[in-house]
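Asks: What follows is a predicted structure for the sequence shown.
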Amino acid sequence: MSVGARIEIDAPDISPYRAGNTGIPYVTSFDSGRPGPHVVVNALTHGNEICGAIALDRLFREAVRPARGKLTLCFANIAAYRAFDRANPNASRYIDEDFNRLWDEATLSGPRQSAELARARVLRPLYESAELLLDLHSMQYATAPLMLIGLAPKTEALARRVGMTELMVRDSGHAAGSRLRDFGAFADPQAPQTALLVECGQHWERRSAEVATATTRRFLAAAGVLDEDEAARILAEPVPPQRLITVTEAVTVQSDEFRFAAEYRGLEVIAKAGTVIGRDGGRPVVTPYDDCVLIMPSRRLGRGQTAVRLGRFAG
Ligand SMILES: [Zn+2]
């Protein structure tokens, strides 16, 4: 199997940001000294998703500073990012385990050790202090960018204020473990803390870096840390109308041999209920209803992993 698209973008040198100013390596905070939210932009939850590192590198180079509140820029899975190898770019998603499946109390406070858990435990207080979090990701296949908004209505409201991306996906995450965007208060419908996860496009497409940069800009404008006039100008820039897909279920791999029936890339709409879209150890996997949308089919088809999510357009 090919690794996918050509690698059009370079992984930036982020060593200048190692020291930071927070006591946590690769975490830098800028405090305006004025009232306002604590806003965190997070890159490299997955070490091979370099569009987020590019977006943060640009913010640093442009010397973006909050006019209100506090802005923190965080590079998360540094160990995996350091292992990025253009000859084998998929290998550096993580070192020991997926950083984005660790975000529940039992896992974080439990006895297990891994490179990712060590970093997660160091970063936890930062994420807990965030009122608004943007987590920058990219995908295996080159499909339209998606905002993964979880289940809480507050997140859809924020995604609509940001105005990116065209597609919002309402979903509950993965059987394999809780995502950062669903950690603690972020998933509590009553709490004000809100997290957005954006999938900016294919991992190494130039366009993904542009989507990451544009989404971050609009997120900062919507979050209330920029000067009001500047924020209004940014949010007035035209964006296409947004559509919402509601995920009804995740297909979790049950066997040691899962195969898709076709080379799905994501966002295919399968017209008829009962269409076989794959086989899991011989058991057919079928679409449960008409006009079923396939979301982010995976090439990582190990037992317990999410093979694909199924959803429907909700408006
Ligand atoms: Zn990711």
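Replies: Nice, thanks for sending it over.
Asks: Once you drop chain neighbours, what's closest to residue 24?
Replies: residue 122 (5.8 Å; Cβ to Cβ, 6 or more residues apart in numbering). For glycine as for every other residue, the C-beta is placed from the backbone atoms N, C-alpha and C.
Asks: separation between the one you found and residue 158?
Replies: Between residue 122 and residue 158 the computed distance is 26 Å (Cβ to Cβ, to the nearest Å).
Asks: what does residue 129 give?
Replies: 18 Å.
Asks: So those two - more neighbours on which side?
Replies: residue 158 (20 against 13; other Cβ atoms under 10 Å).
Asks: and that one, what are its phi and psi?
Replies: With angles defined as degrees, to the nearest 10, residue 158 sits at phi -70, psi -40.
Asks: for the closest residue to it other than its chain neighbours, which residues make a bridge with it?
Replies: Of all residues not flanking residue 158 in the chain, residue 194 sits nearest, at 5.0 Å (Cβ to Cβ, 6+ apart). Applying DSSP bridges to residue 194 gives these bridge partners: residue 132.
Asks: list the contacts for residue 311?
Replies: Neighbour list for residue 311: 169, 170, 171, 245, 246, 247, 248, 292, 293, 295 [criterion: Cβ atoms under 8 Å, 6 or more residues apart in numbering].
Asks: what residues does the stretch 101-250 of the chain put near the ion?
Replies: Counting by Cβ under 5 Å from the ion, the stretch 101-250 of the chain comes close to the ion at residue 137.
Asks: give me the residue from the stretch 101-250 of the chain nearest the ion.
Replies: Nearest to the ion, among the residues of the stretch 101-250 of the chain, is residue 137, at 3.4 Å (Cβ to the ion).
Asks: Show the subsequent helix or strand relative to the helix or strand encompassing that residue.
Replies: Assigned by DSSP states H and E, residue 137 belongs to strand 132-139. Toward the C-terminus, strand 132-139 is succeeded by strand 146-148 as the next helix or strand (DSSP H and E).
Asks: Might you quantify the distance of that next one from its chain's geometric centre?
Replies: Mean C-alpha position of strand 146-148 versus that of the full chain (Cα atoms, centre = their mean, to the nearest Å) differs by 8 Å.
Asks: partner strands of that strand, parallel or antiparallel?
Replies: strand 167-170 (parallel), strand 194-202 (antiparallel).
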